[in-house]
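Q: the sequence and its predicted three-dimensional model are supplied below.
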Amino acid sequence: MGTIHRSGVFKKTNDTARLIITTILGVVLGFFIGVTFPSISLYKIHLPSSLRSSFDVATSNDQEFFIVRSHETTGGNVSKIYVPTNPRGAELLPPGIVVPESDLYLRRLWGEPSGDLKKKPKYLVTFTVGIDQMNNIDTCVKKFSEDFQILLFHYDGRTTEWDQFEWSKNAIHVSVKKQTKWWYAKRFLHPDVVAPYEYIFIWDEDLGVEHFNAERYIKLVKRHGLQISQPGLEPNNGLTWQMTKRRGDREVHKVVTDEKPGWCSDPHLPPCAAFVEIMAPVFSREAWRCVWYMIQNDLVHGWGLDFALRRCVEPAHEKIGVVDSQWIIHQVIPSLGNQGMPEDGKAPWEGVFIFMSFHVILFIFLNFEIYSFQNLYHLTS
């Protein structure tokens, strides 16, 4: 009886020691696993049902991804990668191979890719052009250095004539007949395509640039913190709003008080602040990402868009402004209007003008309605 009792005590002691040792080893192992791998928040992960069978979590360059083992398609154990932080549609690609942004850099058909670019342009300049303004565009382009990539949108379909200019060989030409710059911008200037460029110029073709220096303009925009800007306009040529008129006694202005009576009920709103016109806007890449999403697919002439640009920067009356010391002349050449169609005995430009006027009224009305709704929301919330 005593022998049996001592044997039971000895077995119980061994079980207790084994449990303690196992617990200690588990704690130590868990500690090293925790130190080796970063913390993972699984409750934030939403996996497709087809991938929920089994998965392992791994990391690469501080980015979590999943190695998924699926048994559905084959009898074997097939491993797949699922990365929820990849762009939509690219979750099954390894993180290191995903390139979410592009550029407009021209590439050679030979040699090492690293030798394609002698110098990467910092800024993008676009003009929407027709052949009739070719000489004026030549003058404009020569105001921009190699730091500026030139992109021409051809609304008349004529591109070969531009080969006479040396700079045209390094420019990008996009040709679609009878379209406006906002149509081109929506389709060819996606924020992920123009992301390498700090500033994007989206200019008309009828601008005089005798008093404009692009390098100085960029310096002033950066100095004054302007996310959306334009050069000041010569007061005696094609001026519509007081806000965009050049002031000769300053570098930059952001607010005016001499607009028409009744237009400045709020000194921080367009057209008396937070306002530039659509003929020669310049956007930072951050502001353009917002503006691009705001541009509707059926937006044609863009009149009225200038009243809505303020929605993309805050505070708008501080980050939108006019650069006075680098100014341009609006030559007011309605060349695009002649791209319309003659109907019912009307000239091509008449139909275009009626269409533009209707959309201006509609856009301003919708902008006012949104602003009124926002004020109502703030008052009732």
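A: On my side now, so go ahead.

Q: look up how far residue 86 lies from residue 100.
A: Per C-beta to C-beta, to the nearest Å, residue 100 is found 8 Å from residue 86. For glycine as for every other residue, the C-beta is placed from the backbone atoms N, C-alpha and C.

Q: whoops, residue 129 was the one
A: Counting by C-beta to C-beta, the separation of residue 129 from residue 86 is 38 Å.

Q: same question, residue 291
A: Plainly put, residue 291 is 26 Å away from residue 86 if you go by C-beta to C-beta.

Q: quick one, which of those two is more surrounded?
A: More crowded of residue 291 and residue 86, by other C-beta atoms under 10 Å: residue 291, with 23 against 19.

Q: quick one: secondary structure of that one?
A: Secondary structure, DSSP: H, G, I helix; E, B strand; the rest coil: residue 291 is helix.

Q: test my guess that it contacts residue 285.
A: No. Counting by C-beta atoms under 8 Å, residue 291 does not reach residue 285; the two are 10.6 Å apart.

Q: and the nearest residue to residue 198 once chain neighbours are set aside, what does it touch?
A: Once flanking residues are discounted, residue 198 sits nearest to residue 122: 5.5 Å by C-beta to C-beta, 6 or more residues apart in numbering. Contacts for residue 122 (C-beta atoms under 8 Å, 6 or more residues apart in numbering) come out as 147-148, 197-198.

Q: phi, psi of residue 274?
A: Main-chain dihedrals, residue 274, degrees, to the nearest 10: phi 50, psi 40.

Q: and the pLDDT for it?
A: Residue 274 carries a pLDDT value of 96.

Q: burial count for residue 250?
A: Residues near residue 250, counting by other C-beta under 10 Å, number 12.

Q: run through the residues that contact it.
A: Residue 250 sits next to 324-325 when contact means C-beta under 8 Å, 6+ apart.

Q: what do you get if the cut-off is 7 Å, keeping everything else the same?
A: For residue 250, the contact set (C-beta atoms under 7 Å, 6 or more residues apart in numbering) comprises residue 324.

Q: does it count as helix, strand or coil?
A: Under three-state DSSP, residue 250 falls in the coil class.

Q: gap between it and residue 155?
A: Per C-beta to C-beta, residue 250 is found 36 Å from residue 155.

Q: and for residue 247?
A: From residue 247 across to residue 155, the span is 33 Å (C-beta to C-beta).

Q: of the two, who's got more company?
A: When neighbours are counted by other C-beta under 10 Å, residue 155 comes out ahead of the other of residue 247 and residue 155, with 22 against 15.

Q: surely the more buried one and residue 178 touch.
A: Yes. Contact criterion C-beta atoms under 7 Å: residue 155 and residue 178 qualify, at 6.1 Å.

Q: what packs against the helix or strand where residue 221 lies?
A: Secondary structure assignment for residue 221, by DSSP states H and E: helix 214-223. When contacts are defined as 3 or more C-beta pairs under 7 Å, 6 or more residues apart in numbering; DSSP states H and E, helix 214-223 sits against strand 320-330.

Q: now the angle between helix 214-223 and the strand it packs on, please.
A: Counting by axes from the mean of the first three to the mean of the last three C-alpha atoms, to 10 degrees, strand 320-330 lies at 160 degrees to helix 214-223.

Q: what packs against strand 320-330?
A: Under the contact criterion of 3+ C-beta pairs under 7 Å, 6+ apart, strand 320-330 touches strand 207-208, helix 214-223, strand 228-233, strand 252-253.

Q: what about the strands in the chain?
A: With strands called from DSSP state E, the chain shows them at 55-60, 63-70, 78-82, 123-129, 148-154, 172-175, 199-203, 207-208, 228-233, 252-253, 282-284, 320-330.

Q: give me every residue that touches the residue nearest to residue 150 when sequence neighbours are not counted.
A: Closest residue in space to residue 150, ignoring its immediate chain neighbours: residue 171 at 4.1 Å, by C-beta to C-beta, 6+ apart. By C-beta under 7 Å, 6+ apart, the contact set of residue 171 is 150-152.

Q: closest to residue 184 among those?
A: residue 151 (8.9 Å; C-beta to C-beta).

Q: doesn't residue 170 make contact with the closest one?
A: No. The criterion here is C-beta under 7 Å, and residue 151 misses it with residue 170 at 10.9 Å.

Q: lovely, talk soon.
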